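Q: this is the structure alone, sequence omitted:
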């Protein structure tokens, strides 16, 4: 997503798959920053998208809006420890097969990795394996 891209209320609501009314409520509740500008000229940025996705993710995980607000304030104060895993929790993991019998599994959210960091990590692991494998062949 382009860092400087801006969105209207309709665009951001469609992007995060929430009703416009819900987006406005999250803003009114202080869970999401107010838009830049006012009236028909108001616009939203990537930061708004990230905030809305975080609220949506936590709400789908069963957290109350009050608890989400607490988490957002803690997150602004510094890194937040991952929530304990419970039975029935749905997680999305990234999985890299390095070679037969060698695999890496990462849950980026718990690891604190951005998508780009996951890609860099996977490249580094693959390169380290290849380097190790090449050294074994030359000895």
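A: Great, that's in hand. Please read all numbers here as calculations on a predicted model, not as lab measurements.

Q: burial count for residue 101?
A: Residues near residue 101, counting by other Cβ atoms under 10 Å, number 6. (Each C-beta comes from the backbone N, C-alpha and C, glycine too.)

Q: then the one 10 residues further on?
A: Using other Cβ under 10 Å, residue 111 is surrounded by 12 other residues.

Q: cool, and residue 57?
A: Residue 57, neighbours per other Cβ under 10 Å, totals 12.

Q: element containing it, please.
A: Here residue 57 sits within helix 46-60, counting by DSSP states H and E.

Q: which of the residues in that helix are buried?
A: For helix 46-60, burial by neighbour count (16 or more other Cβ atoms under 10 Å) applies to 48, 49, 51, 52, 54, 55, 56, 58, 59.

Q: save those residues as TSV, and put in distance to residue 69 and pLDDT too.
A: Shown next, in TSV, are the buried residues of helix 46-60 (distance: Cβ to Cβ, whole Å; pLDDT from 0 to 100):
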residue	distance to residue 69	pLDDT
48	16	94
49	18	93
51	11	91
52	14	93
54	11	89
55	9	92
56	14	90
58	10	87
59	11	87
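
Q: so which of these is the closest to residue 71?
A: Nearest to residue 71 among the buried residues of helix 46-60: residue 58, at 6.5 Å, using Cβ to Cβ.

Q: which one is the closest one nearest to, not counting chain neighbours?
A: Counting by Cβ to Cβ, 6 or more residues apart in numbering, residue 58 lies nearest to residue 68, which is 4.7 Å off, once chain neighbours are set aside.

Q: mind listing what that neighbour touches?
A: Applying Cβ atoms under 8 Å, 6 or more residues apart in numbering to residue 68 gives the contacts 31, 54, 55, 58, 59.

Q: distance between the longest helix anywhere in the chain and the chain's centre?
A: Determined from DSSP state H, the single longest helix within the chain is helix 115-138. With Cα atoms, centre = their mean, to the nearest Å as the basis, helix 115-138 stands 25 Å off its chain's centre.

Q: and that helix, average pLDDT?
A: The average of the pLDDT scores along helix 115-138 is 88.

Q: follow-up on the earlier one: tell me the gap between the helix or strand following the helix holding residue 57 and the middle of its chain.
A: As assigned by DSSP H and E, the chain's next helix or strand after helix 46-60 is helix 65-77. Remark: helix 65-77 is offset 15 Å from the chain centroid, using Cα atoms, centre = their mean.
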